[in-house]
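Visitor: compute the structure for the input listed below.
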Amino acid sequence: MTDTHTPAEVVLPVTDLKTEMPFFLNELGFRLETIFPADDPAVAVVSGHGMRLRLDRDAQNGPGLIRIYEDMKDPSAARTLTSPNGNLVEMHDANPPLVVPQTRHSFMVRRLADSDAWVIGRAGMRYRDLITDRLGGSIIASHIRIPDGGPVPDMVHYHTVGFQLIFCYRGWVKLVYEDQGEPFILEAGNCVIQPPQIRHRVLEASDNVEVLELGVPAEHITTIDHDMELPNGTVNPDREWQGTRFIHHKAAEAVWTPWRVPGWEARDTGIADATKNVAGVMVARPTKAAAPAWTSHDTDILFTFVKEGTLTLEVASEDAQPQKLVPGDAFVLPPFLKSRYIDASPDCELIEATLPANFETQVHD
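Guide: Numbering: from 1, shown residues only. Sure thing, here's the model as predicted:
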């Protein structure tokens, strides 16, 4: 049981309190809490920056390392200090800018049949990597599965990202989001975007639910919010988080229109509008008049997941063989690479995510 009246302490070894205390009190702005014994002080407890330190002359541990986070207008202010007694203090920016690595383009096909390595990740979810090289760290795409239905051991949390998509592929999942009202069911075929740092929580899932998750950049921080409770009693669909609105796209309400690839049609998820064209997500299917056409694009990232049916992917490269794809397969087409979709089954559906959303498609003879 935790005694809330006795704060925990980080113990730092000192050889001389007279030289160590001014460093923490005067230079770093800590506050003295206790000191003893009076005649020859050997221990001083100081607090500040959200922590409590015990400067102990009899401590047997090696030099300590402390990280302090501050709002820094100038990133060069980040530095490492060494106390007179050898303890290290790293000063970091509390709100560093989100950095998305430059995309390292590559053509890639990831097959469900070749991917038997499902890794257990956060909240017991199984993760399958869909872009193994992460395109240089610019994006991560995960096929996520929760085998056993029921309550999910999740907590209110948020992600420090530039863009994040959750597309329900199989089954359903119950979610709740900050400022979006009561919990709701995300059904198969529907999707949401999670704006940067929106608080949310996964509450419940059906048996064998599967979702597709995209995140930019590939490595981003997930932070637990222990203070917020969801739902938080507010409904504000127009609120923006760093320029992005929350959106819940429902397939049943979508309108199909001609797609960028001749002979195909698509439903727009509205994500391009909600992100101000940072990213776009479309669900495409062949029409009866579908005829294979060579196309290329000029967007930075174009990722595709085979949602239903089958098709064959061909690319105009001497060392690339036609790829027969089935549900659960995924591929990445780099800019300017000519490709075409052939032998698409009538029930074929593709989920295409692009960053940015605005780009040109060239149809080749």
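Visitor: what about the helices in this structure?
Guide: Here the chain has its helices, by DSSP state H, at 17-22, 271-274.
Visitor: next, the buried residues of the first one.
Guide: Under the neighbour-count criterion of 16 or more other CB atoms under 10 Å, helix 17-22 has Leu17, Glu20, Met21 buried. (Each C-beta comes from the backbone N, C-alpha and C, glycine too.)
Visitor: could you list every residue that touches His49?
Guide: Neighbour list for His49: Leu28, Gly29, Phe30, Ile68, Tyr69 [criterion: CB atoms under 8 Å, 6 or more residues apart in numbering].
Visitor: burial count for the closest residue to Asn277 other than its chain neighbours?
Guide: Distances taken as CB to CB, 6 or more residues apart in numbering put Ala357 closest to Asn277, at 4.3 Å, once the chain neighbours are dropped. Residues near Ala357, counting by other CB atoms under 10 Å, number 19.
Visitor: the one 3 residues further on now?
Guide: Under the neighbour criterion other CB under 10 Å, Glu360 is assigned a count of 9.
Visitor: pretty sure it contacts Asp298?
Guide: Yes: the criterion here is CB atoms under 8 Å, and Glu360 meets it with Asp298 at 5.2 Å.
Visitor: so the protein: which segments form each domain?
Guide: Following automatic domain parsing, one gets these domains for the chain: 10-93, 108-234, 253-364.
Visitor: could you redo the ones you listed as CSV and give each row distance to Trp241 and mean pLDDT?
Guide: Listed next are the domains of the chain as CSV, based on distance: least, CB to CB, whole Å; pLDDT from 0 to 100:
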stretch, distance to Trp241, mean pLDDT
domain 10-93, 19, 93
domain 108-234, 4, 93
domain 253-364, 11, 95
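Visitor: output these in TSV, with distance to Gln242 appended to each entry.
Guide: Formatted as TSV, these follow (distance: least, CB to CB, whole Å):
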stretch	distance to Gln242
domain 10-93	17
domain 108-234	4
domain 253-364	10
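Visitor: who wins for proximity to Thr244 among those?
Guide: Closest to Thr244 of the domains of the chain is domain 108-234 (CB to CB; 3.9 Å).
Visitor: could you tell me the end-to-end distance of that closest one?
Guide: By CA to CA, to the nearest Å, the extent of domain 108-234 from end to end equals 43 Å.
Visitor: from the chain's centroid, how far away is it?
Guide: 8 Å (CA atoms, centre = their mean, to the nearest Å).
Visitor: same deal with stretch 324-343?
Guide: 24 Å.
Visitor: flag every buried residue along that stretch.
Guide: Those would be 325, 327-334, 337, 339-341, for stretch 324-343 by 16+ other CB under 10 Å.
Visitor: pipe the helices of the chain into a markdown table and attach distance to Asp74 per row.
Guide: Below are the helices of the chain laid out as a markdown table (distance: least, CB to CB, whole Å):
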| stretch | distance to Asp74 |
| --- | --- |
| helix 17-22 | 26 |
| helix 271-274 | 33 |
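Visitor: out of those, flag the one nearest Phe36.
Guide: helix 17-22 (10.7 Å).
Visitor: residue contacts, the residue nearest to the spatial centre of the chain?
Guide: Centroid check for the chain by CA atoms, centre = their mean gives Gly215 as the closest residue, at 4.2 Å. By CB under 8 Å, 6+ apart, the residues touching Gly215 are Ile139, Ile140, Ser142, His159, Val161, Phe163, Gln164, Leu165.
Visitor: repeat that for 7 Å
Guide: Contacts of Gly215 were listed using CB atoms under 7 Å, 6 or more residues apart in numbering, and they are Ile140, Val161, Gln164.
Visitor: grab the nearest non-local neighbour of Leu81.
Guide: Closest residue to Leu81 apart from its sequence neighbours, by CB to CB, 6+ apart: Val89 at 4.5 Å.
Visitor: from Glu352, how far out is the one you found?
Guide: 48 Å (CB to CB, to the nearest Å).
Visitor: same thing with Pro7?
Guide: Relative to Glu352, and taking CB to CB, Pro7 is found at 52 Å.
Visitor: same check on Glu360?
Guide: Taking CB to CB, one finds Glu360 at 15 Å from Glu352.
Visitor: who touches Arg170 in this structure?
Guide: Counting by CB under 7 Å, 6+ apart, Arg170 has contacts Ala188, Asn208, Val209, Glu210.
Visitor: for it, name its beta-bridge partners.
Guide: Here Arg170 sits in beta bridges with Glu210, going by DSSP bridges.
Visitor: dump the contacts of Gly215 to TSV, plus neighbour count.
Guide: Output for the contacts of Gly215, formatted as TSV (neighbours: other CB atoms under 10 Å):
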residue	neighbour count
Ile140	21
Val161	23
Gln164	20
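Visitor: now intersect the residues you listed with the strands, please.
Guide: Ile140, Gln164 (DSSP state E).
Visitor: what are the ranges of the strands in the stretch 1-150 of the chain?
Guide: All strands of the stretch 1-150 of the chain, identified by DSSP state E, counting those that start in this stretch, fall at 10-13, 31-36, 43-48, 51-56, 65-70, 79-82, 88-93, 108-110, 119-120, 126-129, 140-146, 150-151.
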